[in-house]
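Enquirer: Structure for the following, please:
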Amino acid sequence: MDRRIGHSTMNAVPAAAGQRGGPAAAERQPAGGAADTDGTGARRIAELEREVRELKRANDTLKQYVSKALGLDTTPSRSRYDPSPDPAAHHGPEAAGPPRRPAAGSGVEFRVLGPVEAAVGGRWVDLGAPKQRAALVLLVSQVGQPVSVDVLVEALWDGRPPQSAITSLHAYIANLRRALEPHRAPRTPATVLCTRGRGYLLNSRAVEVDAHRFWENATAGWQALDRGDPQRALYAFEAGLALWRGEAYAEVAAAPLVAPEAVRLEELRLSVVEGRCATLIAVGNHEMAVPELVAFTQAQPLREYGCELLSLALYRSGRQADALSVLRAHQKKMVEDLGISPSPALQHLELEILRQAPELERS
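Expert: Numbering: from 1, shown residues only. Predicted coordinates:
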């Protein structure tokens, strides 16, 4: 029977991390209108296509490694589990610790994996009133890309801007520039929050964003799995997950300009949680994975991969009845809520647990 364990994760839109904006333009207040984006759309599409390919490759890597390490066969021509290797056990979250502090002298840093925060030169700065903060979040979500005055005004005033909207927006930008570049001399061009055509742009060369670091840690975890280094993978996954403090882009997560990015980051976060738990099981720490997967499946009851991992972790912890109960509760929910049967992978896992297949045990 075909055993496919990595069937339901990693289908998020790729990250925009690593984008680079052009040279900083001279500081000036743009008039309303569309941003000057000649050629930007085509370049952005090309970047997204490249990052989709990278994410698919990382997904395939995670599936292949975890399936092999869990002793699960992903080849249609075979019907048995391959024995898993015996790597050293992981002894806890290496990335755990106190909340991250801004790095001294690190320039401008934004934290958007929760309520938005900004640090300049290692010190947190006041971002001002709610609309001013919201304007910054909109720009951070598009870092390295110009955002037109019209788009900002539409988003900040929900399509009903007052006559003073553009004047207010210019004031917000001026205040943010003073906060982000406190030592910039008067009448000199901004190098962080730049004017670009008829819009504004956060210079990706001048800022660091925690969402980008999260993507980099997730990628490092998948690459470590590709190299056969589960300990490094766990470290990278945990370092990435430690950056989260709440809903991404919390202030304006529902704004049309930000919603796709917030959804992409949340989907990637769920995939990294699953990848971390799968790797814990692969190195024999199934008992550590169980409570995390219980919480995960309660919050995400329709994600079949989480259910599969929880059942396998319970079985390897000597809890066969609980493993079967999880599978059957999931089957009932799928039938009652969606009118569909569970995946072949879950059905196969149930049969293997019932017959106490030795292939399920870690070698």
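Enquirer: Residue 208 belongs to a strand, doesn't it?
Expert: Yes - under DSSP: H, G, I helix; E, B strand; the rest coil, residue 208 falls within a strand.
Enquirer: mind checking pLDDT for it?
Expert: Residue 208 carries a pLDDT value of 95.
Enquirer: In the beta-sheet assignment, what are the partners of the closest residue to it other than its chain neighbours?
Expert: In space, residue 208 comes closest to residue 109 once its chain neighbours are excluded; the distance is 4.8 Å by C-beta to C-beta, 6 or more residues apart in numbering. Placement of C-beta: from N, CA and C, glycine included. Using DSSP bridges, the beta-bridge partners of residue 109 come out as residue 119, residue 208.
Enquirer: so where is the stretch 1-150 of the chain shaky, pLDDT-wise?
Expert: Low-confidence segments of the stretch 1-150 of the chain (pLDDT under 70): 1-106.
Enquirer: Could I get the contacting residues of the nearest residue to residue 259 once chain neighbours are set aside?
Expert: Leaving aside its sequence neighbours, residue 259 sits nearest to residue 253 (C-beta to C-beta, 6+ apart; 6.6 Å). With contact set as C-beta atoms under 8 Å, 6 or more residues apart in numbering, residue 253 has these partners: 247, 259, 262.
Enquirer: Select only the buried ones of those in PyMOL?
Expert: Buried residues among the contacts of residue 253 (16 or more other C-beta atoms under 10 Å), as a PyMOL selection:
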select buried, resi 262
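Enquirer: sorry, back to before: which pLDDT value goes with the residue nearest to residue 259?
Expert: So residue 253 comes in at 82 (pLDDT).
Enquirer: how near is it to residue 113?
Expert: According to C-beta to C-beta, to the nearest Å, residue 253 stands 11 Å off from residue 113.
Enquirer: Mind telling me what element residue 262 is part of?
Expert: helix 259-282 (DSSP states H and E).
Enquirer: quick check: mean pLDDT across that helix?
Expert: Mean pLDDT, computed over helix 259-282, is 94.
Enquirer: Can you name the secondary structure element that comes next after that helix?
Expert: helix 286-299.
Enquirer: From the chain's centroid, how far away is that next one?
Expert: Relative to the centre of its chain, helix 286-299 is centred 19 Å away, using C-alpha atoms, centre = their mean, to the nearest Å.
Enquirer: the inter-axis angle of it versus helix 259-282?
Expert: Orientation of helix 286-299 against helix 259-282 (axes from the mean of the first three to the mean of the last three C-alpha atoms, to 10 degrees) gives an angle of 150 degrees.
Enquirer: going on from helix 286-299, what's the next piece of helix or strand?
Expert: helix 304-316.
Enquirer: who does that next one touch, helix- and strand-wise?
Expert: The contact analysis (3 or more C-beta pairs under 8 Å, 6 or more residues apart in numbering; DSSP states H and E) places helix 304-316 against helix 259-282, helix 286-299, helix 320-333, helix 344-354.
Enquirer: and the helix holding residue 262, how far from the chain's centre?
Expert: 6 Å.
Enquirer: and if you look at stretch 180-187?
Expert: Distance of stretch 180-187 from the chain centroid (C-alpha atoms, centre = their mean) equals 33 Å.
Enquirer: buried stuff in that stretch?
Expert: For stretch 180-187, by 16+ other C-beta under 10 Å, it's 180, 181.
Enquirer: tell me how far the ends of that stretch are from each other?
Expert: 15 Å (C-alpha to C-alpha, to the nearest Å).
Enquirer: outside of it, which residues touch it?
Expert: Under the criterion C-beta under 8 Å, 6+ apart, residues 108, 118, 120, 125, 177, 190, 191, 192, 193 lie in contact with stretch 180-187.
Enquirer: let's see it at 10 Å
Expert: 27, 107-108, 110, 118, 120-121, 123, 125, 127, 136, 177-178, 188, 190-193, 202, 206-207 (C-beta atoms under 10 Å, 6 or more residues apart in numbering).
Enquirer: Do a quick rundown of the helices in this structure.
Expert: Assigned by DSSP state H, the chain shows helices spanning 40-69, 130-141, 149-156, 165-180, 210-226, 230-241, 259-282, 286-299, 304-316, 320-333, 344-354.
Enquirer: So which of those helices is the most surrounded?
Expert: Burial of those is given as mean neighbour count (mean count of other C-beta atoms under 10 Å); helix 304-316 ranks first at a mean of 26.
Enquirer: Give me the residue ranges of the stretch 151-300 of the chain where confidence is low.
Expert: Those would be none, if you go by pLDDT under 70 across the stretch 151-300 of the chain.
Enquirer: Only C-alpha atoms, please: export stretch 272-287 in CSV.
Expert: What follows is stretch 272-287, C-alpha atoms only, in CSV (Å, rounded to 0.1, in the frame of the first residue of the first chain):
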residue,chain,number,x,y,z
VAL,A,272,6.8,24.5,10.6
VAL,A,273,4.9,23.3,13.7
GLU,A,274,4.1,20.1,11.9
GLY,A,275,7.6,19.8,10.6
ARG,A,276,9.1,20.3,14.1
CYS,A,277,6.8,17.7,15.6
ALA,A,278,7.5,15.2,12.8
THR,A,279,11.2,15.7,13.4
LEU,A,280,10.8,15.1,17.2
ILE,A,281,9.1,11.8,16.4
ALA,A,282,11.9,10.9,13.9
VAL,A,283,14.6,11.3,16.6
GLY,A,284,12.6,9.3,19.2
ASN,A,285,11.1,12.2,21.2
HIS,A,286,7.5,11.1,20.6
GLU,A,287,6.5,11.7,24.2
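Enquirer: Could you list the residues in contact with stretch 333-342?
Expert: Here stretch 333-342 makes contact (C-beta under 10 Å, 6+ apart) with 301-302, 304, 307-308, 327-328, 330-332, 343, 346-347, 349-350.
Enquirer: Tell me the one among those nearest to residue 169.
Expert: Nearest to residue 169 among the contacts of stretch 333-342: residue 302, at 41.0 Å, using C-beta to C-beta.
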